[in-house]
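In: Pasting the sequence and the predicted model now:
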Number of protein chains: 2
Amino acid sequence: MDGAELTGKKVLITGASGFTGRHAVEFFQSAGAVVVAVVRREYVYAFPEGTHVHVCDLNDKTQVRQLIDEVRPDYVLHLAGKNSVPDSWSDPLLVLETNVMAVLYLLDALRSCPAARTVIVGSRLKYTPEPGKIPQPPHPYSLSKALEEMVTLSWMSLFGQQIMVAEPGNLIGAGPSTGICSLLARHIVACEQKGKTEAFRLSGRENTRDFLDVRDAVRAYATLLVHGTTGTVYPVVSGTERSLGEIADTLLSMTSANVPVRWDGATSGPDGAGEEEQLSLLRKLGWQPLIPFAQSLQDILNDVRIQQGRGTD
Amino acid sequence: MDGAELTGKKVLITGASGFTGRHAVEFFQSAGAVVVAVVRREYVYAFPEGTHVHVCDLNDKTQVRQLIDEVRPDYVLHLAGKNSVPDSWSDPLLVLETNVMAVLYLLDALRSCPAARTVIVGSRLKYTPEPGKIPQPPHPYSLSKALEEMVTLSWMSLFGQQIMVAEPGNLIGAGPSTGICSLLARHIVACEQKGKTEAFRLSGRENTRDFLDVRDAVRAYATLLVHGTTGTVYPVVSGTERSLGEIADTLLSMTSANVPVRWDGATSGPDGAGEEEQLSLLRKLGWQPLIPFAQSLQDILNDVRIQQGRGTD
């Protein structure tokens, strides 16, 4: 995937001002695509020059239909959604409406563009029901992502649409992420710039997670838009579990400040990089992660230093 | 279930002006319950005296919350929904919104009434996904009922609510049903009153279905409200498959008019009265069908004669 296939193609990106969305807009712009960035509110973010910004409430089916009729995209990357587990407890209805109905409105509107190819970004936290048992999702967010995937694949079956599902793990990178790497980077910069001394709390050093640079994930989404097999669920992960200890050590080695960290010792199993067979699905399309882990962390830290220096983060 | 447990209890019934809803209102009124009949529009139906009629758009979560806060029901029977397979093709979004989001709004509002016991009426036409396979529901309606059940049981698990799911088969009885028995009864009365001669088309004589009188179904719902086990899915069926030939013969024996019927010979398997084990779930609670099949058909025919005679059907 060198991006040449994207030149001149109209790519519609929802959730364009979010963490992944900003990287996606940049990637597709660089690849020469005509990028339509869909945002909920006008003011939120200064996109690169040439980006076509559309304001649309994806929970309003009339607005969604108008958007699709007007844009008539070649490719659609659906990143919009509510992604906070705690927020899904405080307002479960909003999470269900946003993660289930919005995708339904989008896919239904896309029935008028049968040539469009769509990637819906799901989550590896989705709940998987056990046959014959009462569903017991651990939180409303996991339910919402299960329903989103079921609606997505059903719409594909019912109406013959070209839809792929991407299931990213923990994406890391510069920008408004609330992941562990970004939070620790912000703590480090607060120590550097404001001499903050409160300890940053982390769980067990040995706990592992699969981390993938958000720019690698965006290239994976682009690969799926162009080459993915419709109706397939693709895990988007690095395939490498890394311990929280390694993350902390690497980030702390990038600063000379005194950064207090407290390990609370709670252990948890790996979050699962997925089955080998599933992992190879994206590799078979020619994709692989390119950005070294230490580079991702350095870029996050540098970005926070710039943002905090500007007083904008 | 003699209804004594219902005396003075506040029973909220959604979809109260529909086919089953009218029978439900009548049953719970007779049992001495305080019946709150929820309808979408003001004028639709003249309920028995004493019924408290509330107009509420169940797709509007604010209205639903106000309804529940105001009524604070002991029991909730959720009958509202879109139940036409053909309509689910012509407006799939409406079917999903009505059958999935409305139940979600209702259950979420009921979190403020933890003592309330709720029966959600699902469908035996719901799609059951096969593990590891792409969902392929036969129509948007079957998808909507699958999602409705998953949302219902998940809400029960997540928020500890008291919810039972009822899955009726083919309910028959007087009123605005679009089932085969009512359609043939209307054809018979048209022949009696207007000398209609166009043939009524039926599929194979040997094709069988499970039919249950709607009044027996309402008693089953009442049994579940009072005695059902939370988180359980109850088939509401007679357990007896009857052939279309038997139905036609029985109905035609009740008229002296010349009623042309055409069999197109298409055969289809039984629609499945359910597993013996499942069937016994409601029997264990003391419920069983009471109304003989011929009585159901006679009542349908008599009702159509009265309605058509009045020119109101």
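Out: Nice, I can see it.

In: which residues of the stretch 151-300 of chain A score low on pLDDT?
Out: Within the stretch 151-300 of chain A, the stretches with pLDDT under 70 are A:269-276.

In: which parts of it sit against chain B?
Out: A:151, A:153-154, A:156-158, A:231 (CB under 8 Å from any CB of the partner chain). All C-beta spots, glycine's among them, are computed from the backbone N, C-alpha and C.

In: In helices, which of the residues you listed appear?
Out: Residues of these located in helices (DSSP state H): A:151, A:153-154, A:156-158.

In: ok, of the residues of the stretch 151-300 of chain A next to chain B, which come out buried?
Out: A:151, A:153-154, A:156-158, A:231 (16 or more other CB atoms under 10 Å in any protein chain shown).

In: one step back: same list, the ones in helices among the residues of the stretch 151-300 of chain A next to chain B, but as CSV with distance to residue B:188 please.
Out: Output for those, formatted as CSV (distance: CB to CB, whole Å):
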residue, distance to residue B:188
A:151, 42
A:153, 45
A:154, 40
A:156, 44
A:157, 40
A:158, 37
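
In: circling back: so which of the buried ones among the residues of the stretch 151-300 of chain A next to chain B would you say is closest to residue A:116?
Out: residue A:156 (12.2 Å; CB to CB).

In: contacting residues around that closest one?
Out: Each residue near residue A:156 by CB atoms under 8 Å, 6 or more residues apart in numbering or on different chains is listed here: A:162-163, A:230-231, B:134.

In: Let's see if you can find the most crowded of those residues.
Out: Among the contacts of residue A:156, residue A:163 has the most neighbours (other CB atoms under 10 Å in any protein chain shown), with 25 neighbours.

In: any idea how far residue A:180 lies from residue A:199?
Out: Going from residue A:180 to residue A:199 by CB to CB, to the nearest Å gives 15 Å.

In: now the helices: where do they sit in the stretch 1-150 of chain A?
Out: A:19-30, A:61-71, A:85-90, A:92-96, A:102-109, A:140-159 (DSSP state H, counting those that start in this stretch).

In: now these in TSV, with distance to residue B:31?
Out: Below are these laid out as TSV (distance: least, CB to CB, whole Å):
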stretch	distance to residue B:31
helix A:19-30	56
helix A:61-71	41
helix A:85-90	38
helix A:92-96	33
helix A:102-109	40
helix A:140-159	36
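
In: any idea how far the residue in the stretch 201-313 of chain A positioned nearest to chain B lies from residue A:76?
Out: Per CB to the nearest CB, residue A:231 is where the stretch 201-313 of chain A lies closest to chain B, at 5.0 Å. Counting by CB to CB, the gap from residue A:231 to residue A:76 is 16 Å.

In: And the helices of the stretch 1-150 of chain A: which comes nearest residue A:240?
Out: Closest among those, using CB to CB: helix A:19-30, at 19.9 Å.

In: State the number of residues packed around the residue nearest to residue A:145 when sequence neighbours are not counted.
Out: Distance criterion CB to CB, 6 or more residues apart in numbering or on different chains; nearest residue to residue A:145, sequence neighbours excluded, is residue A:126 at 3.7 Å. Neighbours of residue A:126 under the rule other CB under 10 Å: 21.

In: correct me, but residue A:126 touches residue A:139?
Out: No: Residue A:126 is beyond contact range of residue A:139, at 11.1 Å (criterion: CB atoms under 8 Å).

In: Mutual contacts of the two, please.
Out: Counting by CB under 8 Å, 6+ apart, nothing touches both residue A:126 and residue A:139.

In: Would you convert the contacts of residue A:156 into TSV that also reports distance to residue B:260?
Out: Formatted as TSV, the contacts of residue A:156 follow (distance: CB to CB, whole Å):
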residue	distance to residue B:260
A:162	48
A:163	48
A:230	48
A:231	47
B:134	45
